[in-house]
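Participant: Predicted model and sequence below, questions to follow.
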Amino acid sequence: MLLLLLLHACQGGGKGGVNSLSGDGEPAVEKETLIHVTRDQFKAAGMEIEDPGTVTFTEGVQATGIVKATPSGRAEVSTLIPGRIQQIYHTVGENVSKGDLLFSMESNEYIELQQEYATLTQRLKLLEVEYERQKTLYEQQVVAEKEFLRTESEYRTSLAMMEGLRARLGMTNTDPAQVEQGTILPYLKMYAPIKGIISGQELVMGGYITPGEVVVNIVDPATLQLYLQVFEKDLEGIEPGQQVLFFTPDRPGRIKEATLLQVGRSIDPVNKKLLCTARITPEKNGELVDNLYVEASIVTSRREVLAVPEEAIILSEGSTFLFTLESENEEEVVFRARPVQVGAVTNGYAEILDQGLKQVLVKGATSIWMEE
């Protein structure tokens, strides 16, 4: 069918065709060449005709970076006491709210901590009574100063130890008041410190964990920001408030948006880049995840131009052409190959510098322009 189209184009109007070859093997398009296409050929090639439209072209600074949660939007959960996992309540990918129970563990050290605190609080009551008694006797000069000071030292030392144990219980999410009443909890429970999604977990039923070992990671997607690396030579012209368009390398067509928040003030001496941060537009963030690598453009200017789809432009012997509708009837459509001046090309559109163009073949132009 394409060969028939080619032959028909050669015969159209007696003014030459687009299938004559230049010396370098590429088709040579003659100025103001008429090309005749039957209705069947027009339909089979999926051709479409439209007027050039107004498209917003942007100019910007290219950058690379990562999507990452802010420091307050990420949490690493670990314990201060060793133990074995007794129960797991959430797993990777699940949403949690602040205060949700993540897991529980059994620990001899945890039980001993509670026992020590309970014992000390009871003993401290007796020491406090003795201290007050010795203080009264000392003020009445009934007991020696040395004896009073010994009683006072024992009382205040025990008081400090009790406050320390109380603080440690608080760090394990345990209510000291319950322990004071003799309630010893058998399991240590760990809760989510922030809301978010569990992005990582190192928990196994019966598994042993050590103090300081990070076993759960939580990320709040609402705090995700864009951290960009900009070359030193590109710093001129960028400032907070500018739009940032970014995408992942595997999906360049899915553009997401952000707003530049901060431009760093220190350049890395090794890679000569500056760190900039941008706030991601919530309704444009899609399915973004923590530590996602992206490519971005910081928009420094934008302009409205007349443009056509890039596939409508034909390059021949260093010149650019497109096809405009000359005439049409029930049997055929006639196009005219017109030389045009092309400006910038971006996002699948080509800027047209010529004015007054109408009815351009925006789809199927390559079906006409082809080698024999």
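Facilitator: Nice, thanks for sending it over. Computed from a predicted model, the values in this text were never measured in an experiment.

Participant: List the contacts of Glu331.
Facilitator: Thr38, Arg39 (Cβ atoms under 8 Å, 6 or more residues apart in numbering). All C-beta spots, glycine's among them, are computed from the backbone N, C-alpha and C.

Participant: how far away is it from Arg39?
Facilitator: 6 Å (Cβ to Cβ, to the nearest Å).

Participant: just Ile194 next, same as before
Facilitator: 65 Å.

Participant: okay, the two: which has more neighbours?
Facilitator: Ile194 (18 against 13; other Cβ atoms under 10 Å).

Participant: That one reaches Asp220, doesn't it?
Facilitator: Yes: using Cβ atoms under 8 Å, Ile194 is in contact with Asp220, at 5.9 Å.

Participant: list the residues that contact both of those two?
Facilitator: With Cβ under 8 Å, 6+ apart, Ile194 and Asp220 have common neighbours Gly73, Arg74.

Participant: so what's the nearest residue to Ser97 once chain neighbours are set aside up against?
Facilitator: Spatially, and ignoring its direct neighbours in sequence, Ser97 is nearest to Lys195 (4.9 Å; Cβ to Cβ, 6 or more residues apart in numbering). Counting by Cβ under 8 Å, 6+ apart, Lys195 touches Asn95, Val96, Ser97, Lys98, Asp220.

Participant: Would you check that the last one makes contact with Ile198?
Facilitator: No: the pair Asp220 and Ile198 fails to qualify as a contact (Cβ under 8 Å) at a distance of 11.2 Å.

Participant: Now do the helices in this structure.
Facilitator: For the chain, helices defined by DSSP state H occupy the ranges 2-11, 39-44, 108-139, 145-171, 176-180, 365-368.

Participant: do you know how far the nearest residue to Glu304 once chain neighbours are set aside is from Ala307?
Facilitator: Distances taken as Cβ to Cβ, 6+ apart put Thr54 closest to Glu304, at 5.4 Å, once the chain neighbours are dropped. According to Cβ to Cβ, Thr54 and Ala307 sit 8 Å apart.

Participant: out of those two, which sits in the busier spot?
Facilitator: Relative neighbour count places Ala307 above the other of Thr54 and Ala307, with 24 against 8, counting by other Cβ under 10 Å.

Participant: Look through this structure and report the residue furthest from the middle.
Facilitator: Of all residues in the chain, Val142 has its C-alpha farthest from the mean position, at 74.9 Å, by Cα atoms, centre = their mean.

Participant: which residue is nearest the centroid of this protein?
Facilitator: Val67 (3.2 Å).

Participant: so that one makes contact with Ala296?
Facilitator: No: counting by Cβ under 8 Å, Val67 stays clear of Ala296, with 10.3 Å between them.

Participant: Identify the contacts common to these two.
Facilitator: In contact with both Val67 and Ala296: Leu226, using Cβ under 8 Å, 6+ apart.

Participant: and the residue nearest to the centre of the chain, what is it in contact with?
Facilitator: Val67 neighbours (Cβ under 8 Å, 6+ apart): Leu224, Gln225, Leu226, Tyr227, Ile280, Leu288, Val289, Asp290, Asn291, Leu292, Val294.
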